[in-house]
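*Asks:* I would like the atomic coordinates for the input below:
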Amino acid sequence: MQQGVLPVVVISDLTQGLEIAEGLCAGGITQIEITLRTPVALEALGEIARRFPQMQLSAGTVLTPAQFDQSADLGATLFISPGLTETLAEHALKKGYAWVPGAATASEMMRGLELGFELLKFFPAMAAGGPKALAGITAPLATARVIPTGGVTLENLPQWREIKAVQAVGGTWLTAGLDGVANVAKVVEQRAALAMAAWNSTVLV
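*Replies:* Numbering: from 1, shown residues only. Alright, predicted model coming up:
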C-alpha cells in the first residue's frame with residue numbers, strides 16, 4: 001500500500017472512470033480500488049492501467065478465482081475481497097497474488113493471519129463497530145495491518161488513522177455523487193487533496 005487513502009470506486013461509465021483516475025492523480029493519490037461490480041469494471045481497470053501507469057491498481061470485490069486472473073492480466077497488483085473463503089485463499093497463495101481478504105471479527109482476522117495474509121480489510125467498518133471496535137480487535141494482534149472500508153468519511157478519517165493497525169482507509173466518498181457533475185476530474189482532485197491532508201495531518205499517539 002503506497003498511501004494512506006485508498007479510493008474505492010464503482011465505475012459504470014468508462015469515460016467517467018478515466019476522469020476519476022485523472023483527478024486522483026492530480027490530487028496526490030496514485031492508487032485506486034476498482035470494484036468488480038459493473039460490466040465495464042474490467043475494461044476500466046485495463047484502460048486506467050494503460051493511461052495512468054503511475055497508479056497502483058487494486059481489483060475490489062474479488063469473489064472468484066477467475067476474477068483474480070482476469071484482473072491480474074489487465075494490470076491489477078492488489079486484490080481485495082469483502083470476506084475470506086478457502087477457495088480464494090488457496091488460489092491467491094498458489095498464484096502468489098497480494099490478496100486482502102475481508103474480516104469483521106477477531107476470529108476472522110486470526111484466520112487470515114494464520115493463512116499468511118497480514119493485510120486485511122475491516123468490512124463493513126462502521127457497521128462492524130467503527131474505530132473503537134477495530135482498536136479493540138487489533139490490540140492483541142500485533143502483526144495485523146488493516147484497511148477499514150465501509151462508512152469511512154473525511155470527517156471520521158482521523159479516528160481510523162489513530163489506530164496502530166490501520167495501514168490505510170478505503171473510501172467511497174472520494175468519488176460519490178459524480179453523475180451530472182460538469183468537471184469530474186477537478187472535483188475528485190479537490191476531494192483527494194483534502195483526504196491526503198487529513199491523513200497526513202493526524203497526530204498519532
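
*Asks:* those helices in this protein, which residues are they?
*Replies:* Assigned by DSSP state H, the helices in the chain fall at 14-26, 41-51, 65-74, 86-95, 106-114, 130-138, 157-161, 184-201.

*Asks:* Which residues does the last one contact?
*Replies:* Meaning helix 184-201. With contacts defined as CB atoms under 8 Å, 6 or more residues apart in numbering, helix 184-201 is touched by 3-5, 7, 16, 19-20, 22-24, 26-29, 154, 157-158, 161, 169, 171, 173-175, 178, 181. Bear in mind the C-beta positions are built from the backbone N, C-alpha and C, glycine included.

*Asks:* which residue sits closest to A76, ignoring its sequence neighbours?
*Replies:* Among residues not flanking A76 along the chain, A59 sits closest, at 4.1 Å (CB to CB, 6 or more residues apart in numbering).

*Asks:* Tell me how many other residues surround the one you found.
*Replies:* A59: 26 surrounding residues under other CB atoms under 10 Å.

*Asks:* same thing with the one 5 residues further on?
*Replies:* When counting by other CB under 10 Å, one arrives at 14 neighbours for T64.

*Asks:* What's the separation between it and A92?
*Replies:* 12 Å (CB to CB, to the nearest Å).

*Asks:* Are any of the contacts of helix 184-201 buried, and if so which?
*Replies:* Neighbour-count burial (16 or more other CB atoms under 10 Å) is assigned, among the contacts of helix 184-201, to 3-5, 7, 16, 19-20, 22-24, 27, 29, 154, 157, 161, 169, 171, 173-175, 178.

*Asks:* related to what we said a few turns ago, list the contacts of the residue nearest to A76.
*Replies:* E33, I34, L36, L45, Q67, F68, S71, A72, A76, L78, F79, I80.

*Asks:* need the residues you listed in CSV with distance to L113, can you?
*Replies:* Putting the contacts of A59 into CSV (distance: CB to CB, whole Å) gives the following:
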residue, distance to L113
E33, 22
I34, 26
L36, 25
L45, 28
Q67, 23
F68, 20
S71, 24
A72, 24
A76, 23
L78, 18
F79, 17
I80, 17
